[in-house]
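Chemist: fold the following, please.
(one chain, ligands or ions: 1)
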Amino acid sequence: MRLKLIVSFLLLILSSHLKSQVVYKNKSASTDARVKDLVKRMTLEEKVLQLNQYIAGLNNNVNNIGESIKEIPAGIGSLILFSPDPEFRNQIQKKAIEESRLGIPILFGFDVIHGFRTIYPIPLAQASSWNPELIQSAAAIAAKEAKLSGTDWTFSPMIDVAYDARWGRVAEGYGEDPYTNAIFGVATIKGYQGNKLSDPFSIAACLKHFVGYSRSEGGRDYRYSDVSPQSLWETYLPPYEAGVKAGAATLMSGFNDISGIPATANHYLLSEVLKEKWGHKGFVVSDWEAVKQLINQGVAKDEKEAALKAFNAGLEMDMKDDVYRKYLPELISEKKIDINKINDAVSRVLKVKFDLGLFDEPYVKIINPSDRYLQPNSLAIAEKAAAESMVLLKNNNSILPLQNQYKKIAIIGPIAKDSLNILGSWTAHGKVTDSQSFYTAISSEFKGIATVTYAKGSGFEGTNKEGFKEAINKAQEADVILLCLGEMKAWSGENATRSTIALPLIQEELMKELKELGKPIVLILSNGRPLELMRIEPMADAILEAWQPGTSGAKALAQILSGKVNPSGKLPITFPLTTGQIPIYYNMRQSARPMDKMGDYQDISTQPLYSFGFGLSYSKFEYNDIKISSKSITNRDKIIAEVSVKNTGVMDGMETVHWFISDPVATISRPLKELKFFEKKLIRAGETVTYKFEIDPEKDLSYRNSEGNIILEEGDFYLIVNKQKIRFEVVR
Ligand code: GLC
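Modeler: Residues are numbered from 1 along each chain as shown. You can find the predicted model right below:
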């Protein structure tokens, strides 16, 4: 009897314990079980709120913090958090956990594009490093600084393949090649998301802008982008497919109208490709008010129809414009939206929140800003990323590095003493006070070696030449001129379209007047896009593309100039001779009449100024003959290709070998050549290093047709490395 009493008492405790342990609150339950349990418990209004993202913290001065928090509904799905204060974020989260019925945590997002407070080089520069491992480390640090500041989710990486440099957002991606965007996109995802999303310093990645946004007509932002199904599958989708396979938690739809169906309401891409074909389990957020913009794009008569089209296409979350909250309930009651689709969308959002651990650890541990940001290791990686991203484009008579032959250095130009614009666009919480100017860094690098003088010379633009005289005087007294020209940070990034990629005339005129002095000119560029250098290039003895190198960029630049660092960057995007050559990119198709320059421009060369993959070093690298393990394979075999490279220079240097494949005859015409693999290695002075590429026909010799099917055909192929081209064949 006694035993029976004890057993029934224990059973009572257990069942009450289990009841109190509702599954979605039970840490040991699977994410799937927790999501299912929670969705079952939610009302329609609670579900719809999870599919909305508002903003918080824009105006976070102390006397109205309470106000902004009050405006935020406790059940909101996500917020764009503009404040870096983790306590502000925790206050809002506390409201969600304690005041909403089910205590669902908010997902805080923010644009951590190339750093949070420690700012790394712009992504286009990062790709110039050809060092994905380094970029992954930079992304991991950006994630840590972001997480410690209250951000769980970044709207990055941007992997829009782009070659039209009039479009300001070329700065935010990894250049003109699909493979390059895929490799650096995946490296960045891994940096952000770590081994698993619930790790203490992991944040969710967001592939953007899905898809084809970079084809915005004329480089003008937010425009129609005519993307053929063939281009979609062979150029624009591959980086996204790689990113989804790498486990990117979310995507963001682009602003662009893709050949008549805007990305934000494109069922083929958002559902058939992303969910059905690729099996993506996360969710898609719209770009800023992009749902409402479907009205401007002519596919929705009003906000309600915009909500209907976007949601039924497969867009789960509505950024900022509140259209989903306003109209989804009505559309469900009118049976235009299926509640099961709502449940699926909510489940996707909740899955990301569970995966991030937000239900179990909704609050951020507060540590001092001095321990949160700009740590020595973060700055060291920022400096290394900047150093490896800079591209030496010209170096006549090896004028660089500046050895002892120059005792008087004049640093001139609008960028010389600038420490803001060299951070680039999308600088999150980066501060101008954290970064040195090129002038400051060069002055300290050459202290005791040369005297360094300065003159601004001109502004970035305009017609004011008052500064020319002082610049000419300073240059007159010097042995060498370091001319620092370039762009303002606002000239690239979003809504930063330029009709020409030439620098403003005033900068060219400044250079022309300095050139008259007959002194050597080292041109240092800080810009967010390829530039038109046709008139500038002949006036420079050396050209160093510094891009917008971020918080520690100036020191990296100074060490390249002094020779402490050997430049190793190579271009991930073509530099046209002039804007008129656009579109021009390395992986174009062959002309129908390639001979005798048929069809070329009559007035200028049809060749770009600098090609994809171009970059000089202080070392000289000699490529020996490519060796391949076989010249004839079936599509089930592999080929091992090798090339050994000797550093015949006097400095140790890093060399990136780019391996291209050319497929001259195929059912669907192929580009002249396509990058399939690259590797960067250190080669000590006088030494030889071997680079290897295993050619896997399925991966490296196939292509996608307009339905996205992988096509692998027999026939001749060429392996292209440096200036060598070697034929091999695939036989049945
Ligand atoms: C912007 C950008 C997008 C960014 C988002 C949130 O309009 O297009 O790249 O992530 O809005 O700021």
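
Chemist: helices along the stretch 201-350 of the chain, start to end?
Modeler: For the stretch 201-350 of the chain, the helices defined by DSSP state H, counting those that start in this stretch cover 229-231, 238-245, 267, 303-313, 323-333, 339-356.

Chemist: list the buried residues of stretch 636-656.
Modeler: Ile639, Ala641, Val643, Ser644, Val645, Lys646, Asn647, Gly649, Gly653, Met654, Glu655, Thr656 (16 or more other CB atoms under 10 Å). Heads up, the C-betas are built off the backbone N, CA and C, glycines and all.

Chemist: show me the beta-bridge partners of the second one.
Modeler: Meaning Ala641. Beta-bridge pairing for Ala641 (DSSP bridges): Ile628, Phe693.

Chemist: against Lys680, how distant is it?
Modeler: For Ala641, the distance to Lys680 (CB to CB, to the nearest Å) stands at 17 Å.

Chemist: go on, the third one?
Modeler: Between Val643 and Lys680 the distance, using CB to CB, works out to 14 Å.

Chemist: now do the shared contacts for these two.
Modeler: Contact criterion CB atoms under 8 Å, 6 or more residues apart in numbering; residues shared by Val643 and Lys680: Val657.

Chemist: so which residues on the chain come close to the ligand?
Modeler: Contacts of the chain with the ligand, taken as CB under 6 Å from any ligand atom, map to Asp111, Phe155, Lys208, Asp287, Trp288, Glu494.

Chemist: same thing but at 8 Å, please
Modeler: Residues of the chain lying close to the ligand by CB under 8 Å from any ligand atom are 80, 109-111, 113, 155-156, 158, 169, 172, 206, 208-209, 252, 255, 287-288, 319, 426, 494.

Chemist: export the buried residues of stretch 636-656 to a markdown table and tack on pLDDT?
Modeler: Shown next, in a markdown table, are those (pLDDT from 0 to 100):
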| residue | pLDDT |
| --- | --- |
| Ile639 | 97 |
| Ala641 | 98 |
| Val643 | 98 |
| Ser644 | 98 |
| Val645 | 98 |
| Lys646 | 98 |
| Asn647 | 98 |
| Gly649 | 95 |
| Gly653 | 98 |
| Met654 | 98 |
| Glu655 | 98 |
| Thr656 | 98 |
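
Chemist: quick check: the farthest pair among these?
Modeler: Ile639 and Gly649 (30.9 Å; CB to CB).

Chemist: please list all residues in contact with the closest residue to the ligand within the stretch 251-400 of the chain.
Modeler: For the stretch 251-400 of the chain and the ligand, the shortest gap (CB to the nearest ligand atom) falls at Trp288, measuring 3.7 Å. Shown in contact with Trp288 (CB under 8 Å, 6+ apart): Met319, Lys320.

Chemist: and it, what pLDDT?
Modeler: What the model reports for Trp288 is a pLDDT of 95.

Chemist: compare the helices of the stretch 201-350 of the chain and give me the one nearest Asn397.
Modeler: Nearest to Asn397 among the helices of the stretch 201-350 of the chain is helix 238-245 (40.3 Å), distances taken as CB to CB.

Chemist: what's that closest one in contact with?
Modeler: Outside helix 238-245, the residues that reach it (CB under 8 Å, 6+ apart) are 157, 159, 161, 178-179, 181-183, 185-186, 189, 205, 207, 210-211, 251, 274, 278-280, 704.

Chemist: what about 7 Å?
Modeler: By CB atoms under 7 Å, 6 or more residues apart in numbering, the surrounding residues in contact with helix 238-245 are 159, 161, 178, 181-182, 185-186, 189, 207, 210-211, 278, 280.

Chemist: please apply the same query to stretch 135-149.
Modeler: With CB under 7 Å, 6+ apart as the test, stretch 135-149 has contacts from 84, 86, 110, 112, 115-118, 120, 126, 129, 154, 184, 187-188, 190-192, 194, 201-203, 364, 367, 372-373, 378, 381, 385.

Chemist: which ones among those residues lie within strands?
Modeler: Mapping those onto strands (DSSP state E) picks out Phe110, Thr154.

Chemist: the contacts of stretch 135-149 in helices, which ones?
Modeler: Counting by DSSP state H, the contacts of stretch 135-149 place Pro86, Gln126, Phe184, Ala187, Thr188, Lys190, Gly191, Tyr192, Arg372, Ser378, Ile381, Ala385 in helices.

Chemist: tell me the most packed of those residues, by neighbour count.
Modeler: Of all these, the most densely surrounded is Thr188 (33 neighbours; neighbours counted as other CB atoms under 10 Å).

Chemist: and the nearest residue to that one once chain neighbours are set aside, what's its pLDDT?
Modeler: Excluding the flanking residues, the one nearest Thr188 by CB to CB, 6 or more residues apart in numbering is Pro157, at 4.0 Å. Pro157 is assigned a pLDDT of 98 by the prediction.

Chemist: what do you get for Gln375?
Modeler: Gln375 is assigned a pLDDT of 98 by the prediction.

Chemist: can you check the one 5 residues further on too?
Modeler: As summarised for this prediction, Ala380 has a pLDDT of 98.

Chemist: ok, it - how many residues close by?
Modeler: Neighbour number of Ala380 under other CB under 10 Å is 13.

Chemist: okay, and the helix or strand of this protein with the least pLDDT?
Modeler: Least confident helix or strand, the chain: helix 65-71 with a mean of 65, by mean pLDDT, DSSP states H and E.

Chemist: next structured bit after that helix?
Modeler: Sequence order places strand 78-81 as the next helix or strand after helix 65-71, per DSSP states H and E.

Chemist: got a list of contacts for that following strand?
Modeler: The contact list for strand 78-81 (CB under 7 Å, 6+ apart) reads 53-57, 72, 89, 92, 106-110, 150-151, 317.

Chemist: isn't Phe468 right next to Leu514, touching?
Modeler: No. Applying CB atoms under 7 Å, one finds Phe468 not in contact with Leu514, separated by 8.8 Å.
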